[in-house]
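K.L.:
With the input below, show me the fold.
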Amino acid sequence: MKLVATLAAVTLLGACGEIRTAQQVSRLSPSTGGAEHLAMVQPGEPEDVDAARYRNGSSLWNGGRRSLLGDRRALLRGDIMTVVVEIDEKAEFSNSSSRNRSGSENLSIPSLLGIPQRIDAILPTGATLDAAVGLNSSSASAGDGAIRRNEKLTLRVAATVTEVLPNGVLRIRGSQEVRVNFEVRELLVEGYVRPEDISRQNEITSDKIASARISYGGRGMISQVQAPRKGQQVVDQILPF
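P.N.:
Residues are numbered from 1 along each chain as shown. Below is the predicted model:
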């Protein structure tokens, strides 16, 4: 009874918390204080010489990053690039297996110094030691499995260079939150890219990001409705079957 009362109290508290959450609008995460913001406000690598010359009034045709023909790709800590997330995957697997095994063993004692004949005389009618032991066994197993998956996702998000590694590889991180009514959609992108893989449009596709971590989900009223109830989650955890 104590256990039932405790579970009931926990369920009621969780329900009260969900009611309060449902009455509130899902808030967006703050844009300051994260890794992207710190990368922009903290000093990065020294500015290149060409950019300094342009700032001091040099020719329009120099190769600085701010000039007309300069390389505007994200290369330094705090720079921003566009990540194009394009996932269009299709996988299909089919496996089948079968196994058969059979075996038989027979043991008979037709004669052993006349002992079987003497024993047969005292055995019940129909019993004999001619075939003392006989064993037969067989087993069979078959299995079939199939996996079919189709995923498609196309998104664009701005990412910030949070670190420049000693070998020149850039560590990037990007986040995006969109709120529609009471539902917030979150997109997170993180990984490592090579500067030479960044296009002249300052874009990079997700298939060129090493150790890519891409998360797309949401929170809000719709997500709460789709999630199992607290009581159902507790029952799923404690039931042995």
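K.L.:
Need the pLDDT of Ser211.
P.N.:
For Ser211, the model assigns a pLDDT of 90.
K.L.:
Spit out the contact partners of it.
P.N.:
Under the criterion of C-beta atoms under 8 Å, 6 or more residues apart in numbering, the contact list for Ser211 reads 191-192. To be clear about C-beta, it is placed using only N, CA and C from the backbone, and glycine gets the same treatment.
K.L.:
10 Å instead?
P.N.:
Neighbouring residues of Ser211 by C-beta atoms under 10 Å, 6 or more residues apart in numbering: 171, 190-192.
K.L.:
pull the CA atoms of the host helix or strand of Arg185 into CSV?
P.N.:
Secondary-structure assignment from DSSP states H and E places Arg185 in strand 183-193. Provided in CSV are the C-alpha atoms of strand 183-193 (Å, rounded to 0.1, in the frame of the first residue of the first chain):
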residue,chain,number,x,y,z
GLU,A,183,6.0,24.4,-30.6
VAL,A,184,9.8,25.0,-30.8
ARG,A,185,11.9,23.3,-33.4
GLU,A,186,15.6,22.9,-32.6
LEU,A,187,18.5,22.3,-35.0
LEU,A,188,22.0,21.7,-33.7
VAL,A,189,25.1,21.1,-35.9
GLU,A,190,28.6,20.5,-34.6
GLY,A,191,31.8,19.0,-36.1
TYR,A,192,35.1,19.6,-37.8
VAL,A,193,35.7,20.9,-41.4
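K.L.:
Heading C-terminal from that strand, find the next helix or strand.
P.N.:
Per DSSP H and E, the helix or strand that comes after strand 183-193 is strand 203-205.
K.L.:
so Val84 touches Thr205, yeah?
P.N.:
Yes: in this structure, Val84 is within contact of Thr205 by C-beta atoms under 10 Å, at 4.9 Å.
K.L.:
so what sits against both of these two?
P.N.:
Shared contacts of Val84 and Thr205, defined by C-beta under 10 Å, 6+ apart, are found at Ser199.
K.L.:
in the longest strand along the chain, what counts as buried?
P.N.:
Of all the segments of type strand in the chain, defined by DSSP state E, the longest one is strand 133-164. Neighbour-count burial for strand 133-164 flags 155, 157-162, 164 (criterion: 16 or more other C-beta atoms under 10 Å).
K.L.:
need the strands for the protein, in chain order.
P.N.:
For the chain, applying DSSP E gives strands covering 80-107, 133-164, 170-180, 183-193, 203-205, 210-220.
K.L.:
Output these in JSON lines, with distance to Gly34 appended to each entry.
P.N.:
JSON lines is the format used below for the strands of the chain (distance: least, C-beta to C-beta, whole Å):
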{"stretch": "strand 80-107", "distance to Gly34": "14"}
{"stretch": "strand 133-164", "distance to Gly34": "9"}
{"stretch": "strand 170-180", "distance to Gly34": "7"}
{"stretch": "strand 183-193", "distance to Gly34": "11"}
{"stretch": "strand 203-205", "distance to Gly34": "21"}
{"stretch": "strand 210-220", "distance to Gly34": "15"}
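K.L.:
closest to Pro30 out of these?
P.N.:
Ranking these by distance to Pro30, with C-beta to C-beta as the measure, places strand 170-180 first at 10.4 Å.
K.L.:
For that closest one, which helices and strands make contact with it?
P.N.:
Helices and strands touching strand 170-180, as assessed by 3 or more C-beta pairs under 10 Å, 6 or more residues apart in numbering; DSSP states H and E, comprise helix 35-41, strand 80-107, strand 133-164, strand 183-193, strand 210-220.
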